[in-house]
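Undergrad: Below: sequence and its predicted model.
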Amino acid sequence: MGRINPGYRHINETKFFPSTKILMNSSHHSLKRRQVLKGGLASAIAWSTAPLFLSSRVLGRPGQIGPNSRINVGIIGNGLISAEHRGFCLTQQATQVVALCDVNKQTLDRAMGEAKAKGSSCEGYADSRELCARPDIDAVFVTTPDHWHAAISIDAMRNGKDVYVEKPMTLTIEEGKAMCRAAKRYGRIVQVGSQQRSNSSFRRAAELVLNGYIGKVHTVVCRLGEFPAPTQFAEEPVPAHLDYDRWLGPTPWEPYNGERVKGDYGGGWRRFWEYGSRKNGDWGAHHFDIVQWALGMDESGPELFVPKGYDGEFQFHTYAKGPKVIRDGDSKEAMIRFIGENGEILVGRDDYFETTPATLKNLVLKSADRRLYVSNDHRFDWINAIKTRQQPICQVNIGHRTATICQLSGIAERLGRPVHWDPATEQIVGDPVASLMMDNPRRAGYSLPI
């Protein structure tokens, strides 16, 4: 399926300067300006109407957008998780939404209607590859189910786009490695949607732990919850508005059922291993990420993953010289509970933050203490990174290390036995069967871009 014309402003793609042509309509001036931003020195000289902000290539900073330029954004996947991102981009001076994509035409139509109501004349697509190929798009949100994150993100980077990809960054460990290579190869900015790093309570908790204010941490408890078990639902007719084959993408073919594709925080596609890492990749991607941050382990990770019931009541993983991280133990009222030799830090959303001793809550850090990256808004941080070409708070390598924890936890859970991991070589140790699960076979026609 290709581009959809939902009845809004229609753009003929053949007019998008296939050689030296430009789109000759009311957007003529803005596209001349964007061509300068994306082009080279020759084009900058050629345009006598060129703006003050020269091309990033002229300035020797490939891909950089001028500090006062609006960022043309495409949003790929417009279901449940995308609503806040779409609303943000439609109301900010720094961004303009020029394209939306979804394999479900009803979902796409709703999103297009919302965009139109807020003054955007964006275009709709059923195929992400067509959106990514547009030369006037600077950046994309990838807000699809997890099994599409890597392929779409890499395709976007290959086409010169910066990427905001929802957490967990990838479905498999090898996909994560591929995304890190792509970001480096194409010089793109990637922000992973682990937005708890842009929350002051989580940053405060991480700084106290990192600087030793509760002593050596021996235990961390993360509250993840449970999804319903994967279920082989009865086959139903595929709705005419859904490209189900493309929804499945690289995953094995399964009979259609509405529950399988539903974007539901209580289950839906998130309950299936084919499309996600269940709760490990749902809340685990948030909480394990904060644990990594607080322990100073963004470039490394745990070494042992143990499934629930194998060695005690709870699933856990352990660091070589660090704590045991327990899933769904006694977290008290917190989402994350750090337990150290000299105290505790309890943190959650909605500004939940408690300490033992209580004096730690308002403690002023010393000038010599290590301070963490300050971001007060995850999307604004990404926009700033796009303009400055500096790495954002949750860049691609960080997202990969956190997603690896989610995926290894899932591998141990499915095998029912411990999995040993070498974070230096990024390989499973001594278990050939588990090693095969570091990646998934991809269905014909859906290979990973390179």
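TA: Done, it's in. Residues are numbered from 1 along each chain as shown.

Undergrad: Within the helices and strands, which one has residue 174?
TA: Using DSSP states H and E, residue 174 sits within helix 173-186.

Undergrad: from the chain's centre, how far out does that helix sit?
TA: Centroid separation for helix 173-186 versus its chain: 13 Å, with C-alpha atoms, centre = their mean, to the nearest Å.

Undergrad: CA atoms only for stretch 268-288, dumped as PDB, please.
TA: C-alpha atoms of stretch 268-288 as PDB (Å, rounded to 0.1, in the frame of the first residue of the first chain):
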ATOM      1  CA  GLY A 268      -3.000  -6.000  23.300                       C
ATOM      2  CA  TRP A 269       0.100  -6.500  21.200                       C
ATOM      3  CA  ARG A 270       2.300  -5.900  24.200                       C
ATOM      4  CA  ARG A 271       1.500  -9.400  25.700                       C
ATOM      5  CA  PHE A 272       3.100 -11.200  22.700                       C
ATOM      6  CA  TRP A 273       6.800 -12.000  22.600                       C
ATOM      7  CA  GLU A 274       6.700 -11.600  18.800                       C
ATOM      8  CA  TYR A 275       6.100  -7.900  19.100                       C
ATOM      9  CA  GLY A 276       7.600  -6.800  22.400                       C
ATOM     10  CA  SER A 277       9.300  -8.000  25.600                       C
ATOM     11  CA  ARG A 278       6.100  -8.000  27.700                       C
ATOM     12  CA  LYS A 279       6.500  -6.200  31.000                       C
ATOM     13  CA  ASN A 280      10.300  -6.300  30.700                       C
ATOM     14  CA  GLY A 281      10.100  -4.000  27.700                       C
ATOM     15  CA  ASP A 282       7.100  -2.000  29.000                       C
ATOM     16  CA  TRP A 283       7.800  -0.700  32.500                       C
ATOM     17  CA  GLY A 284      11.200  -2.400  32.600                       C
ATOM     18  CA  ALA A 285      12.500  -0.200  29.800                       C
ATOM     19  CA  HIS A 286      11.700   2.800  32.000                       C
ATOM     20  CA  HIS A 287      12.800   1.600  35.400                       C
ATOM     21  CA  PHE A 288      15.900  -0.500  34.400                       C
END
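
Undergrad: Identify the residues contacting it?
TA: 145-147, 167-168, 171, 194, 196, 222-231, 251-252, 254, 259-264, 325, 327, 335-336, 402-403, 405-407, 409-410, 413-414 (C-beta atoms under 8 Å, 6 or more residues apart in numbering). For every residue, glycine as well, the C-beta is placed using N, CA and C.

Undergrad: Pass me the low-pLDDT residue ranges in the protein, would you?
TA: The model of the chain has pLDDT under 70 over residues 1-68.

Undergrad: Per the annotation, how does it divide into domains?
TA: What automatic domain parsing lists as the domains of the chain is 3-144, 197-371+398-450.

Undergrad: so which of those comes closest to residue 379?
TA: Shortest separation from residue 379 across those is recorded for domain 3-144, at 5.4 Å, computed as C-beta to C-beta.

Undergrad: quick one: the helices in the stretch 301-450 of the chain?
TA: For the stretch 301-450 of the chain, applying DSSP state H, counting those that start in this stretch gives helices covering 378-388, 396-415, 432-436.

Undergrad: Which elements pack onto the last one?
TA: Going back to what we said before, that points to helix 432-436. If you count contacts as 3 or more C-beta pairs under 8 Å, 6 or more residues apart in numbering; DSSP states H and E, helix 432-436 packs onto helix 396-415, strand 427-428.

Undergrad: Need those in TSV (columns: mean neighbour count and distance to residue 313).
TA: Shown next, in TSV, are those (neighbours: other C-beta atoms under 10 Å; distance: least, C-beta to C-beta, whole Å):
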stretch	mean neighbour count	distance to residue 313
helix 396-415	25	14
strand 427-428	17	25
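
Undergrad: could you dump those to CSV with distance to residue 346?
TA: CSV is the format used below for the helices and strands packed on helix 432-436 (distance: least, C-beta to C-beta, whole Å):
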stretch, distance to residue 346
helix 396-415, 21
strand 427-428, 33
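
Undergrad: what's the closest of the ones you listed to residue 71?
TA: helix 396-415 (18.6 Å).

Undergrad: What is that closest one packed up against?
TA: With contacts taken as 3+ C-beta pairs under 8 Å, 6+ apart, helix 396-415 sits against helix 173-186, strand 190-192, helix 278-281, helix 283-294, strand 304-306, strand 316-318, strand 419-422, helix 432-436.

Undergrad: among those, which is nearest residue 79?
TA: When those are compared by C-beta to C-beta, helix 278-281 sits nearest residue 79, at 16.6 Å.

Undergrad: What sits closest to residue 96 if chain neighbours are left out?
TA: Leaving aside its sequence neighbours, residue 96 sits nearest to residue 70 (C-beta to C-beta, 6 or more residues apart in numbering; 5.1 Å).

Undergrad: Thought residue 98 was touching the one you found, still the case?
TA: No - look at residue 70 against residue 98 with C-beta atoms under 8 Å: they stay out of range, at 9.9 Å.

Undergrad: Who has more neighbours out of those two?
TA: Ranked by neighbour count (other C-beta atoms under 10 Å), residue 70 and residue 98 place residue 98 first, with 24 against 17.

Undergrad: Phi, psi for that one please.
TA: Note on residue 98: its backbone torsions stand at phi -110, psi -10 [degrees, to the nearest 10].

Undergrad: Now do it against residue 75, distance only.
TA: Distance from residue 98 to residue 75, counting by C-beta to C-beta, to the nearest Å: 10 Å.

Undergrad: can you check residue 330 too?
TA: The separation that residue 330 has from residue 75, given C-beta to C-beta, amounts to 40 Å.

Undergrad: for residue 402, same thing?
TA: Counting by C-beta to C-beta, the gap from residue 402 to residue 75 is 23 Å.

Undergrad: doesn't residue 302 make contact with residue 318?
TA: Yes - between residue 318 and residue 302 a contact is recorded at 5.9 Å, counting by C-beta under 8 Å.

Undergrad: residues shared between the contacts of those two?
TA: Joint contacts of residue 318 and residue 302 (C-beta under 8 Å, 6+ apart) are residue 325.
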